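> pasted the sequence and its predicted model underneath.
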Amino acid sequence: MTTALPRTPRTGAGTFTARKRRDWTVVTSAVLLVAVTITAAISPLLVGLATKQSILDSLLPPGSPGHLLGTDELGRDILLLTLAGSGSAIAGPAVIAVGSMLLAIVFGTLAGYLGGITDTVIGRIVDVLLSLPVMLLAIVVAGIFGAGYWVTVALLVLLFCPSDIRIVRAGVTEQTPRPYVEAAQMLSLSPARIMYRHIVPNVWPLILTNLLLNLGIAIVTLSSLSFLGIGVAPGTPDWGRQISDGRSLMGDNPAMLIVPALLIVFVTMAINLLGDHLGERLRERGLQ
């Protein structure tokens, strides 16, 4: 009696299918982000049309003539409100992600490369900032000082950077003992040049991935604050405020709430998928 040999799985076809599926999701994510970015760039031009009120056209259902997604109780077109709201929904989070990462590159690199007392001082400050609850502190600051949109953004930059500093510090600490750093030190290059001209570019995949991850988190955080009525002024087109205002319209026109909520979810997912893909590609290129 012959014994049947176990069949080896055909990993090639499965790998190709998985790669093709991943490429499809990455392309879709990139297209969505480009479309949202373009809309956010032109959103100031749409604010006047989006905030135009017409009581005679209030609470029109989706599909009404001239109003694809219907209108709210003030007669404002929901599609225009959503398009105009992309500006505040994207611009603020982009500033938060970039600003916090720039602070992280400066202080995380100093802590990871210099070590010693510099690392200790920066580490203790980071620990203090990490102990602060982001949402609660933003609510308290807004309640005390009446913080506007950009003050809230600046506060979130400060509260987002501690975790970024730790991530950059870890990457720099891993790179510091490497031969190329020792060679630069033997050439008597300045510490600033070694840190920001040689080490930081080698930590770039980690920085980019975390930057895009922060962008997605910032979109959700800032929209949540807008939902609570913090940052964005009343009547300003914004996805978070649309969700808050749309709660009372669920029976009349649910598009007021559902459309911006879905956009927040899809844009955040697209950012995370694209960030993972770009980080993986940069890491693979660095290993070649």
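Yep, it's here. The shown structure was predicted, so the numbers you read here are calculated from the model rather than taken from an experiment.

> any regions of this structure where pLDDT drops low?
Applying pLDDT under 70 to the chain picks out residues 1-22, 146-147, 283, 285-288.

> quick one: the helices in it, in order.
Secondary structure of the chain (DSSP state H): helices located at 11-50, 78-114, 116-130, 134-145, 149-175, 179-186, 191-193, 200-202, 204-227, 239-246, 255-287.

> and the second one, how far out from the chain's middle?
Going back to what we said before, that points to helix 78-114. On the basis of CA atoms, centre = their mean, to the nearest Å, the separation between the geometric centre of helix 78-114 and that of its chain is 7 Å.

> from Gly85, how far off is the residue nearest in space to the middle of the chain?
For the chain, the residue sitting closest to the mean C-alpha position, by CA atoms, centre = their mean, is Leu215 at 1.1 Å. Distance, Leu215 to Gly85, by CB to CB, to the nearest Å: 17 Å. Backbone N, C-alpha and C define where each C-beta goes, glycine included.

> please apply the same query to Ile207.
Ile207 sits 29 Å away from Gly85, taking CB to CB as the criterion.

> those two: which is more packed in?
For Ile207 against Gly85, the residue with the higher neighbour count under other CB atoms under 10 Å is Gly85, and the figures read 29 against 21.

> could you check how far the residue nearest to that one when sequence neighbours are not counted is from Ser88?
Spatial nearest neighbour of Gly85, excluding adjacent residues (CB to CB, 6 or more residues apart in numbering): Pro237 at 3.9 Å. For Pro237, the distance to Ser88 under the criterion CB to CB works out to 7 Å.

> what is in contact with those two at once?
Ser43 (CB atoms under 8 Å, 6 or more residues apart in numbering).

> buried sites along stretch 63-70?
Using 16 or more other CB atoms under 10 Å as the burial criterion, the residues of stretch 63-70 that qualify are His67, Leu69, Gly70.

> now stretch 171-178
Counting neighbours by 16+ other CB under 10 Å, the buried set in stretch 171-178 is Gly171, Val172, Thr173, Gln175, Thr176.

> what residues are up against the fourth one?
Read that as Gln175. Under the criterion of CB under 8 Å, 6+ apart, the contact partners of Gln175 comprise Val181, Ile199, Asn202, Val203.

> what's the answer for the third one, then?
When contacts are counted by CB under 8 Å, 6+ apart, Thr173 is found next to Gly112.

> that older thread, the residue nearest to Gly85 contacts Ala50, correct?
Yes. If you go by CB atoms under 8 Å, Pro237 and Ala50 touch, sitting 5.1 Å apart.

> look at the two and report which has more neighbours.
Ranked by neighbour count (other CB under 10 Å), Pro237 and Ala50 place Pro237 first, with 24 against 19.
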